[in-house]
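**Student:** Predicted model follows, preceded by the sequence.
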Amino acid sequence: MEHTLFCLLLLLSTHIYSGHSDDDDGQAKAVLTKQPKSSQIFSGESVTLRCNIQRGEVTDWKYTWRKDGVDFLSRKHKYEISEVKISDSADYRCLGTHVDQKKHSKWSDIVRLTVTALPETTLTVYPNPVYTGETVTLTCSVGSGWSYTWYKDNTKKVVTLSGRHTTTGTTFTIRRAADSDQGFYWCQGEIQSRSISSIISDPVTITVKALPKATLNITPNPAYTGETVTLTCSVGSDSGWSYTWYKDNTKKVVTLSGRHSTTGTTFTISSAAESDQGLYWCQGEIQSRSISSIISDPVTITVKERPAAVLTLQPNWPQIFSGETVTLRCDIQGGEEIEYAFYNSGKLVSTKTEPEYRIHPTKNGLYTCEGLQKRNGLKHSQTSNALQLTVLDQPQAVLSVSPQWLDPGDSVTLSCWVKESSTGWRFFWYRTVPYTARLLSLSDRSYSVEPLSGNGTSEDSYTLIPTGPSHTGGYVCRAGRGDPVYDTLYSKPQFLWSGEPQPSVSLKMRPNRNQHFTQKSLSLSCEEKGNTIGWKLKRYREKAVDSECGSNWGSIAGSKCTIMFTFSWDSGVYWCESGSGEYSNAVNITVAAGPLILESPAYPITEGDSVTLRCTNRYQETNPIPKVDFYKDGVLIRNKTTGEMTIPVVSKSDEGSYKCTFNEKESPKSVVRVRGVTPGPSTSVLVGVVVGLVVAGVLLAILLVLLCQYKNAKDSCCNRTFSLPQPQSTNQQDQESTQGRAPDPGYTLLQHGIYDTITPSDNNDNDAGAATAGPSDVMYAQIQLKELDKKNKKMPADPKENPVYSEVKTGKATA
């Protein structure tokens with residue numbers, strides 16, 4: 001074991017000896033060092049590089065320096081740079097050459113010299129601006145290992161430290177800032193061991209301000225109950241403030257609730273109530289800096305009830321029609337300057353400076369209104385009552401004509417109404433004329449219209465008096481109301497018909513009767529005197545006018561229209577109409593699907609003529625029906641008679657609606673019209689004579705009264721009867737005309753004579769005598785009728801066209 005250890009020591013010593021022998025051979029090592037040793041050298045610093053040769057004296061060597069591969073010689077073993085520049089940054093090596101022995105050392109290891117620019121200094125201040133009494137911290141930053149110097153107002157004036165001004169490391173602190181602390185501040189870093197300083201910082205201005213005062217604004221104020229009130233607190237333009245709210249006094253913080261909330265700078269009162277009235281303050285705080293603003297001035301909030309708004313409709317019509325002009329009026333109490341907002345189903349439709357809003361609604365709507373404050377647009381009043389407008393389509397006027405069948409000389413009344421509404425209308429009356437493009441016309445262009453009255457009437461009726469043939473034809477009306485005038489649609493045409501033959505044309509029908517069975521043939525013709533051209537046959541059924549014959553009903557051949565196969569829907573009124581608007585007589589035709597019809601003349605019957613009504617069975621048209629009942633105006637007048645009823649002498653009282661029944665079947669009703677006898681010249685004279693007789697009778701009565709005063713024994717002579725005998729030739733006719741038929745209400749039997757009874761009552765003494773008077777006390781006077789002289793007496797050519805009217809005013813008789 002000892003032998004082994006000896007061998008190892010011998011080997012190690014041999015190796016060490018061998019190394020030293022190499023250095024001795026001239027391969028000494030150059031060692032390069034740098035001062036300062038810091039890896040970061042700043043420009044302007046002094047740097048020294050030293051080259052030392054191992055086991056050599058400094059004076060025995062000269063040195064070769066290499067900078068980034070470029071060599072230069074120097075007798076000095078050190079290389080000094082008094083103010084290093086960034087361009088001096090490089091890799092450095094050195095090599096020693098012995099002066100006497102002419103041998104070289106080995107190159108030193110590379111030493112890296114890195115030169116950087118002097119660092120900039122960053123100065124920050126917090127807070128800034130600063131309020132009096134606050135603590136301000138200035139922070140200077142260059143890097144680690146630096147110390148700092150602080151300057152104020154200029155870079156030569158170092159800050160003086162005191163109890164309020166202290167430095168620690170990178171910070172400079174100002175406590176209880178005052179106005180004197182305002183100004184410019186700089187800082188600069190230093191490494192004292194190397195005598196270098198950083199570039200001085202940019203200046204920072206510190207502003208010291210007085211504590212701000214909070215400002216409180218309230219909107220709206222005064223406020224209305226239920227309104228949202230917003231309180232806004234502000235402390236200058238600085239951010240970072242939070243706010244505390246006070247009510248009634250500065251020690252009572254507002255309690256938050258469901259109606260009271262805060263967000264940022266605002267405090268919100270939702271649905272304000274009277275309990276929210278009072279004084280309010282606010283104060284700003286910066287909690288991170290432990291400062292508070294000066295508390296705001298107090299503001300008083302006033303909460304009051306909103307004024308009511310009342311919405312009305314003018315005119316206040318119960319129905320409104322599409323496009324009609326109406327006015328919504330919003331009335332609000334109070335004299336404040338407001339605007340009026342109108343809403344439809346909650347959506348704003350208009351804002352007005354006046355309380356009225358004119359609309360032309362085309363559909364239903366639910367309208368409300370409210371007042372808005374002009375200065376800020378906020379709500380002023382309560383929301384008004386809701387007004388439901390139900391808008392109807394443009395209405396069509398409805399016209400009726402009474403009577404529809406013309407009786408010459410009588411008055412005819414046109415009545416117009418609006419079915420949907422009866423309020424506010426003015427009525428306009430028109431007569432139909434053939435369609436002309438330049439005239440007002442019905443929508444279907446079936447007729448044009450010409451006005452009967454220019455400005456219309458406020459009454460809903462219009463009377464044609466006297467009527468004559470010229471009044472036959474169609475009539476329409478319409479109504480208008482409002483400003484501007486809103487018109488209804490024209491009514492459907494209604495017609496005034498006459499059964500009388502007209503001078504220009506007549507409607508003839510075959511067979512000539514009012515009623516016809518279905519599935520039969522019927523022909524009608526317009527027979528004009530000397531000409532049958534230009535006339536069209538029309539009919540009115542189911543409340544409307546059909547187009548003329550030959551268009552979609554009947555077949556036309558010349559002036560004749562034929563319905564080959566009748567149906568119940570062929571029932572209606574038929575007439576002829578010219579291109580200039582003239583009308584023929586009209587015929588009311590009933591086409592019956594049942595087993596019975598009542599045959600009666602299709603045209604009016606003249607008084608004094610005879611007429612036969614016949615009840616006909618569809619299946620036995622040629623044979624009379626036994627046991628038929630006849631009715632007039634719903635009253636039975638002939639019972640279980642033959643199928644015919646004859647009126648031998650027709651009078652005006654025979655006019656009416658007739659029907660017949662058989663075996664519980666009945667015919668349709670048939671209207672019989674009676675025309676009066678046209679008075680001739682002799683009749684006019686007779687009327688004058690009768691009037692004269694009445695006057696004479698009155699005079700004779702006066703004479704009798706005077707005679708009675710001279711009679712002492714007889715006191716009852718004052719009751720007198722005067723009789724005018726009648727010709728006897730008509731008695732038989734009258735009796736025949738009344739036999740065989742029951743009296744009808746309204747029938748008046750003819751009296752044979754003219755009677756006048758005079759009963760004076762001015763002498764009470766005569767009353768007793770009158771009670772005992774007998775037939776011998778009656779005095780008779782016979783008056784003979786004579787024809788007046790017709791010389792120079794001019795009569796009208798056609799009495800129907802120039803009727804004479806007498807106005808009769810009715811009144812209640814008094815006892």
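**Tutor:** Here it is on my side, so go on.

**Student:** CA atoms only for stretch 576-588 - export them in PDB, please.
**Tutor:** Listed in PDB are the C-alpha atoms of stretch 576-588, where the atom choice follows Å, rounded to 0.1, in the frame of the first residue of the first chain:
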ATOM      1  CA  CYS A 576    -139.600  53.200 -69.600                       C
ATOM      2  CA  GLU A 577    -136.800  55.900 -69.400                       C
ATOM      3  CA  SER A 578    -135.600  58.200 -72.100                       C
ATOM      4  CA  GLY A 579    -132.100  59.400 -72.700                       C
ATOM      5  CA  SER A 580    -133.200  62.900 -71.600                       C
ATOM      6  CA  GLY A 581    -134.500  61.600 -68.300                       C
ATOM      7  CA  GLU A 582    -138.300  61.400 -69.000                       C
ATOM      8  CA  TYR A 583    -140.200  58.600 -67.400                       C
ATOM      9  CA  SER A 584    -143.300  56.600 -68.500                       C
ATOM     10  CA  ASN A 585    -146.000  55.300 -66.200                       C
ATOM     11  CA  ALA A 586    -144.700  52.600 -63.900                       C
ATOM     12  CA  VAL A 587    -146.100  49.100 -63.300                       C
ATOM     13  CA  ASN A 588    -145.600  47.100 -60.100                       C
END
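
**Student:** Figure out how far that stretch is from the centre of its chain.
**Tutor:** Centroid displacement of stretch 576-588 relative to its chain, using CA atoms, centre = their mean, to the nearest Å, is 47 Å.

**Student:** try stretch 192-201
**Tutor:** 83 Å.

**Student:** and it, how far apart are its ends?
**Tutor:** Using CA to CA, to the nearest Å, the gap from the first to the last residue of stretch 192-201 comes to 18 Å.

**Student:** just stretch 267-279 next, same as before
**Tutor:** As for stretch 267-279, its first-to-last residue distance stands at 14 Å under the measure CA to CA.

**Student:** and that stretch, average pLDDT?
**Tutor:** If you average the pLDDT over stretch 267-279, you get 94.

**Student:** which of the residues in that stretch are buried?
**Tutor:** Neighbour counts over stretch 267-279 (16 or more other CB atoms under 10 Å) mark 267, 269, 272, 276 as buried. (Each C-beta comes from the backbone N, C-alpha and C, glycine too.)

**Student:** tell me the two of the residues you listed that are most distant?
**Tutor:** Pairwise distances among the buried residues of stretch 267-279 were taken by CB to CB; the largest, 12.4 Å, belongs to F267 and A272.

**Student:** all strands in the stretch 551-700 of the chain, in order from the N-terminus.
**Tutor:** All strands of the stretch 551-700 of the chain, identified by DSSP state E, counting those that start in this stretch, fall at 555-557, 560-563, 572-578, 587-592, 596-599, 605-606, 611-617, 628-632, 635-641, 644-647, 656-662, 665-666, 670-672, 674-675.

**Student:** Could you say which one of the ones you listed comes nearest to E190?
**Tutor:** Of all those, it is strand 572-578 that lies closest to E190, at 125.4 Å by CB to CB.

**Student:** how's this structure carved up into domains?
**Tutor:** The chain is divided into the following domains under automatic domain parsing: 22-116, 122-209, 215-304, 309-392, 398-463+480-492, 505-675, 692-706+715-728+750-763+777-787.

**Student:** Among those domains, which comes closest to G473?
**Tutor:** Closest approach to G473 among those (CB to CB): domain 505-675, 5.2 Å.

**Student:** so for that closest one, what's the average pLDDT?
**Tutor:** In this model, domain 505-675 has a mean pLDDT of 90.

**Student:** Just want to check the distance between T457 and W425.
**Tutor:** Using CB to CB, to the nearest Å, one obtains 10 Å as the distance from T457 to W425.

**Student:** between these two, who's got more neighbours?
**Tutor:** Higher neighbour count among T457 and W425: W425, with 23 against 15, using other CB atoms under 10 Å.

**Student:** I figured the more buried one hits V418, correct?
**Tutor:** Yes - in this structure, W425 is within contact of V418 by CB atoms under 8 Å, at 5.9 Å.

**Student:** Identify the contacts common to those two.
**Tutor:** Shared contacts of W425 and V418, defined by CB atoms under 8 Å, 6 or more residues apart in numbering, are found at 479, 488.
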